[in-house]
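In: return a 3D structure for these sequence lines:
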Amino acid sequence: MTAVHTTHLKSLPLLARGKVRDNYAVGDDRILMVATDRISAFDVVMNEPIPGKGELLTTLSLFWFDRLGPKGANLCPIHLTGDDPLSVVAPEERAMVQGRSMLVKRLRPIPVEAVVRGYLAGSGWKEYQQSGSVCGVALPDGLRNASKLPAPIFTPAAKAAVGEHDENITFDEMAARIGAELAERIRDVSIRLYQAASDYAATRGIIIADTKFEFGLDEHGTLTLMDEVLTPDSSRYWPAESYREGANPPSFDKQYLRDWLETAQVDGQLWNKQPPPPTLPPYVIEQTAARYREALARLIG
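Out: Purely as a prediction, here's the structure:
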């Protein structure tokens, strides 16, 4: 399988390159989002791609958009146009975008990531140990690493530029930035989306410990779910059979890569989580790819 690190379409103007996606303008009202095989960790993009990752992320996103959007549970409008991505690129470019692209509405993105946590993990666990709360949400005493929360909590993050760290903020800070009414709508729909996805994933032997959603507004001000949704890049997926309170289960996401990077060296020194990243050995690339493939197989079959 040939991995795609960066796309270079001649038929459409490039809007932006994110950590994973290359976005191209299609007129002034649509965007072609192409998921490459790039992978980032600690907000640094690795030099080596993960073969098949972009197609897998796209397949999973489309699955969840179908399940949660107007065709399924109808919890929220979605940014898919329904048009074929291959219809907007030159014939010789179709192979480059096939299976890894979505043709979406151009929206006004909301500069806050909508993070929902059902379990205590990652930065949430660290914050809880210090303050007994996460992003201003007070939690009961006595919780442990990977504890299931009494109910899912909404813990927003301010979006940072590529290469910068997203910043956890409180709900009140989010409301001050984007308005209380919009903040409440985003919180409520995010929790409903998470709950519906968690309930389904549980039937497939997967715990969704936490996830982040992104939203935008269309020309009528309609809140619309956008970007990727409930992929291993944006969510913490745990195998239910390995779950034990007190320790992080082995997850179907980039945690394997993060764990390896914690001990990796650059020029004889422990990597400082700044560019340039360490060179990924073939076994790390394959083990990371295998975890993404297992997430897809379990969820969709």
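
In: switch to C-alpha atoms for all contacts and neighbour counts from now on
Out: Will do.

In: helices or strands next to the lowest-mean-pLDDT helix or strand in the chain in the packing?
Out: None of the helices or strands of the chain scores lower by mean pLDDT, DSSP states H and E than strand 167-168, at a mean of 89. Contact here means 3 or more C-alpha pairs under 8 Å, 6 or more residues apart in numbering; DSSP states H and E; on that basis strand 167-168 packs against strand 157-158.

In: tell me which stretches of the protein form helices.
Out: With helices called from DSSP state H, the chain shows them at 53-68, 94-97, 122-131, 171-178, 180-203, 255-261, 282-300.

In: using PDB, write out every CA atom in the first one.
Out: What follows is helix 53-68, C-alpha atoms only, in PDB (Å, rounded to 0.1, in the frame of the first residue of the first chain):
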ATOM      1  CA  LYS A  53      -4.700   5.900   7.700                       C
ATOM      2  CA  GLY A  54      -6.400   8.600   5.600                       C
ATOM      3  CA  GLU A  55      -8.800   6.100   4.000                       C
ATOM      4  CA  LEU A  56      -9.600   4.600   7.300                       C
ATOM      5  CA  LEU A  57     -10.300   8.000   9.000                       C
ATOM      6  CA  THR A  58     -12.600   8.900   6.100                       C
ATOM      7  CA  THR A  59     -14.500   5.600   6.200                       C
ATOM      8  CA  LEU A  60     -15.100   5.900   9.900                       C
ATOM      9  CA  SER A  61     -16.100   9.600   9.700                       C
ATOM     10  CA  LEU A  62     -18.600   8.800   6.900                       C
ATOM     11  CA  PHE A  63     -20.000   5.900   9.000                       C
ATOM     12  CA  TRP A  64     -20.600   8.100  12.000                       C
ATOM     13  CA  PHE A  65     -22.000  11.000  10.000                       C
ATOM     14  CA  ASP A  66     -24.500   8.500   8.500                       C
ATOM     15  CA  ARG A  67     -25.300   7.100  11.900                       C
ATOM     16  CA  LEU A  68     -25.700  10.300  13.900                       C
END
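
In: other residues contacting that helix?
Out: The contact list for helix 53-68, computed with C-alpha atoms under 8 Å, 6 or more residues apart in numbering, reads 20, 34-38, 72-76, 78, 99-102, 193, 196-197, 228-233, 289, 292-293, 296.

In: so what's residue 282 up against?
Out: Applying C-alpha under 8 Å, 6+ apart, no residues qualify as near residue 282.

In: and it, what's its pLDDT?
Out: Looking at residue 282, its pLDDT reads 97.

In: same thing with residue 43?
Out: Residue 43 carries a pLDDT score of 87 in this model.

In: make sure it is actually in contact with residue 160.
Out: No - assessed by C-alpha atoms under 8 Å, residue 43 is found out of contact with residue 160, at 9.8 Å.

In: more crowded one of the two?
Out: Neighbours per residue, other C-alpha atoms under 10 Å: of residue 43 and residue 160, the larger number sits with residue 43, 18 against 14.

In: distance check, that one against residue 108.
Out: 23 Å (C-alpha to C-alpha, to the nearest Å).
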